[in-house]
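>>> Sharing a model prediction with you, sequence too.
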Amino acid sequence: MKHDPLTVFTTWPGPLGPMTLAATPRGLSGVWFDGQRHGPDTSGWRHDPAPPVFQHTIDQLANYFAGRRSRFELPLDLTAGTPFQQQVWRALLGIAHGTTTSYGLLSAAIGKPAAVRALGAAVGRNPISVIVPCHRVLGADGSLTGYAGGLERKTALLALEGVPLPSNRAPEPLWTGAHQSHAQPASMAR
C-alpha cells in the first residue's frame, strides 16, 4: 500500500490495545491495532502527536468505546489503496452502527457480485480500523470470519455496538430501508 510522503503518526493506548494513528494533509489515513495484519511500516513517517485530526480522532474513539458515539465525523484520506480498495472502503462507511452485512451482500451493493474474494481482501486491507467499520462484515452464515485486528477485537467491537452474535445469525442487507440514508459525510475525502 502506497502512503503519502507527508504522513505523520502517533499512538494511542486504546481500550482494546495500543493503536497507531496516521494522517496526511488530507485527513486521517490510518488507524491500526498493534500487531494487526497489514499494519504499517512507520519507519519513513514522522512522529507528531500535534495535528488536530489526531486529537479529534482520539476524542471520538474514546467516546465510541465508552458507548457515547455511534458515528465518526473526521476527514478521511482513503487514497492509499487501489481504486477498487477505495470503493470497498467507502462502501464500508455505509454500514450503520449496530448492524452487519456479509461479504456477498457488500459485493453486490458495490455492483460487483462476482468479486466476493477480491472484496474480502480489500476489507482485510482497510487502513482505518473501527472508523471505517470493516468489523461489521460477516460471513454469509453470520459467522465472524476474519478480522485483521483479531477475532477477539471484532467480537468486542460488535458487542459494544449491541450486535447479537449467535453463530446462525444471517447478516442484514447493506442498503435497505433505513440504511439508504447513510451517505458518506461530506467531510470524508475520496
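Yep, it's here.
>>> wait, what's in contact with the residue minimising distance to the centre of the chain?
Closest to where the C-alpha atoms of the chain average out (CA atoms, centre = their mean) is Val132, at 2.5 Å. Counting by CB atoms under 8 Å, 6 or more residues apart in numbering, Val132 makes contact with 76, 78, 89, 92-93, 126. All C-beta spots, glycine's among them, are computed from the backbone N, C-alpha and C.
>>> okay, it: pLDDT?
Note for Val132: predicted pLDDT of 98.
>>> all strands for this structure, in order.
Using DSSP state E, the strands of the chain run over 8-14, 17-24, 27-33, 46-47, 101-102, 137-138.
>>> distance of Thr155 from Pro113?
28 Å (CB to CB, to the nearest Å).
>>> Run through the chain and note the low-pLDDT ranges.
The model of the chain has pLDDT under 70 over residues 1-3, 166-190.
>>> Could you rerun that using 50?
168-170, 173-190 (pLDDT under 50).
>>> picking that back up, for the contacts of Val132, give me CSV that also has neighbour count and distance to Thr145.
Conversion of the contacts of Val132 to CSV gives the following (neighbours: other CB atoms under 10 Å; distance: CB to CB, whole Å):
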residue, neighbour count, distance to Thr145
Leu76, 25, 25
Leu78, 24, 23
Trp89, 23, 18
Leu92, 22, 15
Leu93, 20, 20
Asn126, 27, 14
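>>> List just the nearest of these to Ser107.
Leu92 (12.1 Å; CB to CB).
>>> what about the closest residue to that closest one other than its chain neighbours, distance to Lys154?
Closest residue to Leu92 apart from its sequence neighbours, by CB to CB, 6 or more residues apart in numbering: Val132 at 5.0 Å. Between Val132 and Lys154 the distance is 14 Å, computed by CB to CB.
>>> now do Ala91
18 Å.
>>> repeat for Leu106
15 Å.
>>> Just the buried positions in the biggest helix by length in the chain, please.
Ranked by residue count, the top helix of the chain under DSSP state H comes out as helix 52-65. For helix 52-65, the buried set under the neighbour-count rule, 16 or more other CB atoms under 10 Å, comprises 53-54, 57-58, 60-61, 64-65.
>>> again, but for stretch 33-41
Buried residues in stretch 33-41, counted by 16+ other CB under 10 Å: 33, 36, 39-40.
>>> ditto for stretch 11-18
In stretch 11-18, counting by 16+ other CB under 10 Å, buried: 14, 16.
>>> In this structure Phe54 contacts Thr10, no?
Yes: with contact defined as CB atoms under 8 Å, Phe54 counts as touching Thr10 (5.2 Å).
>>> So which residues of the chain form helices?
Going by DSSP H, the chain shows helices at 52-65, 83-92, 103-109, 116-124, 151-160.
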